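> Quick one: sequence plus predicted model below, questions after.
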Amino acid sequence: MTSKQRTESIARYIREHSYADLRTLAAKFGGSLSTVRRALDQLEARGLVRRHHGGASYVEHDAVAQEYDFLARKKRHPAEKFAIASFIAEQVQPGMTVILDGGSTTYAVARLLAEKRLQVITNSLPIASLFSEVGSVETVVTGGTTYSRLGVLLGPKCEESFTEIHADLAVLGGAGITENGIWNYNAQLVAIQRRMIAAAERTMFALDNSKFGRKALSLTTPFDRRMTIVTDARPATNVARAINTAGATLTLAR
């Protein structure tokens, strides 16, 4: 079986079964676990599957679902996200304990942290899967209920995971930013992000310019002095003023 044939066979199998783990795919289609991982990477890049820790699931190509889907969001504003992620990754020093949430920009940060010796705490299945293949990162994955469209763990068990955790830094995303603060569109996501903020010495929000002026379902947090907003363009004057007044930091990554 050629590499291309194996990849297409894996795609068909996952489409038929909705989910498959790495060992099952390796046993069924031959090749090592690393060979299967490479095939899944190709399928994920094509938007056909979603990678998880230890396996992959089929992506439903539904216009409504993609509004919330991790892969769909990952493809938006790639240049801006890379600039923001690069800046944040530079601030993370070896030995730090870092909380990463399930945003597409935080995933970009995670990829740039892969070679650093860190302790990472995350509720993101894609991030956990990424670090499972990197020996230098010690990864703590929270408990919780899987929210498959976003590839994250949510709910009371996830919230409990952060009650006794202390981190040097939390890196979070958001759906919008106004003069009131940072917004997000899912109440459970907001609850988790608030716990993450409370557990960290400081928080960096990764927000590209498409989030400017947008409100969502819930206000995650107002600005405060332990917070840095990292973005790729200067927001409206009233937003910049509110950030400054609260003692937070506004940083432009370019």
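Perfect, thanks for sending it.
> In the stretch 1-150 of the chain, what residue spans correspond to strands?
Remark: strands assigned in the stretch 1-150 of the chain by DSSP state E, counting those that start in this stretch are 19-21, 49-52, 55-58, 97-100, 118-122, 137-141, 145-147.
> pLDDT of the third one, averaged?
Averaging pLDDT along strand 55-58 gives 80.
> what distance separates that strand from the centre of its chain?
Relative to its parent chain, strand 55-58 has a centroid offset of 17 Å by CA atoms, centre = their mean, to the nearest Å.
> Note down every partner strand of it and its orientation.
When pairing is defined by DSSP bridges, strand 55-58 lines up against strand 19-21 (antiparallel), strand 49-52 (antiparallel).
> Now mean neighbour count too, for these, in JSON lines please.
All C-beta spots, glycine's among them, are computed from the backbone N, C-alpha and C. Conversion of the strands paired with strand 55-58 to JSON lines gives the following (neighbours: other CB atoms under 10 Å):
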{"stretch": "strand 19-21", "mean neighbour count": "17"}
{"stretch": "strand 49-52", "mean neighbour count": "22"}
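> Out of the strands of the stretch 1-150 of the chain, indicate the one that is most buried.
Ranked by mean neighbour count, these are led by strand 97-100 with a mean of 25 (mean count of other CB atoms under 10 Å).
> gap between that one and the chain center?
Worked out by CA atoms, centre = their mean, strand 97-100 lies 11 Å from the chain centre.
> all helices of the stretch 1-150 of the chain, in order?
Per DSSP state H, counting those that start in this stretch, the stretch 1-150 of the chain carries helices over the ranges 3-17, 22-29, 33-45, 63-66, 70-74, 78-91, 104-113, 125-132.
> what about the first one, average pLDDT?
If I follow you right, that is helix 3-17. For helix 3-17, mean pLDDT is 87.
> cool, the last one as well?
Computed over helix 125-132, the mean pLDDT rounds to 87.
> what's next to that helix, contact-wise?
50-54, 70, 100, 102, 106-107, 110-111, 114, 120, 122, 137, 139, 141, 146, 151-153 (CB atoms under 8 Å, 6 or more residues apart in numbering).
> shaky segments in the stretch 51-200 of the chain?
Scanning the stretch 51-200 of the chain with the threshold set as pLDDT under 70 gives 53, 59-78, 135.
> swap the cut-off to 50 and go again
Of all residues in the stretch 51-200 of the chain, those with pLDDT under 50 make up the ranges 61-68, 72.
> Mind listing the residues bridging to the nearest residue to residue 138 once chain neighbours are set aside?
Nearest residue to residue 138, sequence neighbours excluded (CB to CB, 6 or more residues apart in numbering): residue 119, at 4.7 Å. Beta-bridge pairing of residue 119 under DSSP bridges involves residue 97, residue 138.
> Surely residue 119 is in contact with residue 165?
No. At 10.3 Å, residue 119 does not count as touching residue 165 under the criterion of CB atoms under 8 Å.
> Great, nothing more from me.
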